[in-house]
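Engineer: Sharing a sequence plus its predicted fold:
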Amino acid sequence: MKNLLSIEKMSRADMDKILAASGPMKKERDHHKQQPLAGKTWAMIFTKSSTRTRVSFEVGVRELGGQVMFLNSNDIQLGRGEPIKDTARVLGRMVHGAIIRTFKQSDVEDFARFSNIPTINALTDDEHPCQILTDIFTFEEKCGPIQGKVVTWIGDGSNNMAYSWIFAAAKLGFEFRIAAPKEYQPSPEILSRAGGKIVVTDDVKAAAQGADLLYTDVWISMGQEAQAAERIKKMAGYQINESVVKLAKPGALVMHCLPAYRGKEIDEATFEAHAQTIFDEAENRLHVQKAILDWIVT
Ligand code: CP
Ligand code: NVA
């Protein structure tokens, strides 16, 4: 039985399989020959908000022949303190797979272990593997293999997205540069666990120089709202804008996992200048996650 719990634990071979299957999934939308989820019901248990992940998985499960049940964790007993391992053992007897968005990475891992059904991490505080696979697919769709390329991250270098990128860089062989204030740089422990070519700096200009892809994400991730004022103060300047784009390779892509906060991690003009790429990236969540669902059940 397969799970998708993190990029850290995922093999290069499995990443390659999913990336290779995503293009055909996109091309064959609305006329899939196979319905790998026919007769199956998947549960989505979400403790945090979501637009893209929720909609793309709900549509994706249905388009592959399955039924889907969205469970806001506050509407089930989990929200009143029922342990994750009990929730997992109940759902494991009733549904065929689970897609979970929550805080603790250990909750997704415990769910997978106790439920014994395929389990997908739809974002935790540690990782966002479905988004990273989509981002790599989107980059390669437009620019060819990411191996050997330079990806520059600007903003909060210590969040779930930055960490998934760090693990992906070592596996897929690209350089990953992080420009972040000292307080929001990745922990040395994560860097040593990942290996690979990771450059960490507080110098935005140096990091952007010659990059093939400029990437950013929110300064305040879900669950960090109480630190908003301090984060905004410390991260001011760690923004993708015209002057940063000019330092990257001519024609470099700008991507954002969304939601985007203009005037913070990216400015309005740069966001709109790269909206085509950013919304292709958002659409690709659907196609890549269908490839993930197909891979996980076969
Ligand atoms: N990028 C992303 O995961 O978006 P949502 O939070 O809207 O799902
Ligand atoms: N780092 C962000 C990603 C949102 C998709 C968060 O966790 O809120």
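Structural biologist: Yep, it's here. Numbering: from 1, shown residues only. Ligands and ions are numbered 1, 2, ... in the order given.
Engineer: so what's the spatially closest residue to Glu268 that is not a sequence neighbour bridging to?
Structural biologist: Closest residue to Glu268 apart from its sequence neighbours, by C-beta to C-beta, 6 or more residues apart in numbering: Arg262 at 4.5 Å. Placement of C-beta: from N, CA and C, glycine included. Counting by DSSP bridges, Arg262 is bridged to Ile266.
Engineer: Arg262: how many residues sit nearby?
Structural biologist: Neighbour count for Arg262, taken as other C-beta atoms under 10 Å: 13.
Engineer: average pLDDT for stretch 290-298?
Structural biologist: On average, the pLDDT along stretch 290-298 is 98.
Engineer: and it, does that touch ligand 1?
Structural biologist: No. Against ligand 1, stretch 290-298 shows no contacts by C-beta under 6 Å from any ligand atom, the least distance being 13.7 Å.
Engineer: Other residues contacting that stretch?
Structural biologist: Contacts with stretch 290-298, where a contact means C-beta atoms under 8 Å, 6 or more residues apart in numbering, come from 2-4, 14, 17-19, 21-22, 25, 34, 36-37, 40, 60-61, 63-64, 66, 96-97, 118, 120, 130, 133.
Engineer: Among the residues you listed, which are located in helices?
Structural biologist: Cross-referencing those against helices under DSSP state H gives Asp14, Lys17, Ile18, Leu19, Ala21, Ser22, Met25, Gly60, Val61, Glu63, Cys130, Leu133.
Engineer: Would you show me how to pick out the buried ones of those residues in ChimeraX?
Structural biologist: Buried residues among the ones in helices among the contacts of stretch 290-298 (16 or more other C-beta atoms under 10 Å), as a ChimeraX selection:
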select :14,18,19,21,22,25,60,61,63,130,133
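Engineer: from the ones in helices among the contacts of stretch 290-298, which two are the most distant?
Structural biologist: Asp14 and Glu63 (21.8 Å; C-beta to C-beta).
Engineer: Packing partners of the helix or strand hosting Ile190?
Structural biologist: Taking DSSP states H and E as the criterion, Ile190 maps to helix 188-194. On a contact count with 3 or more C-beta pairs under 8 Å, 6 or more residues apart in numbering; DSSP states H and E, helix 188-194 meets helix 160-172.
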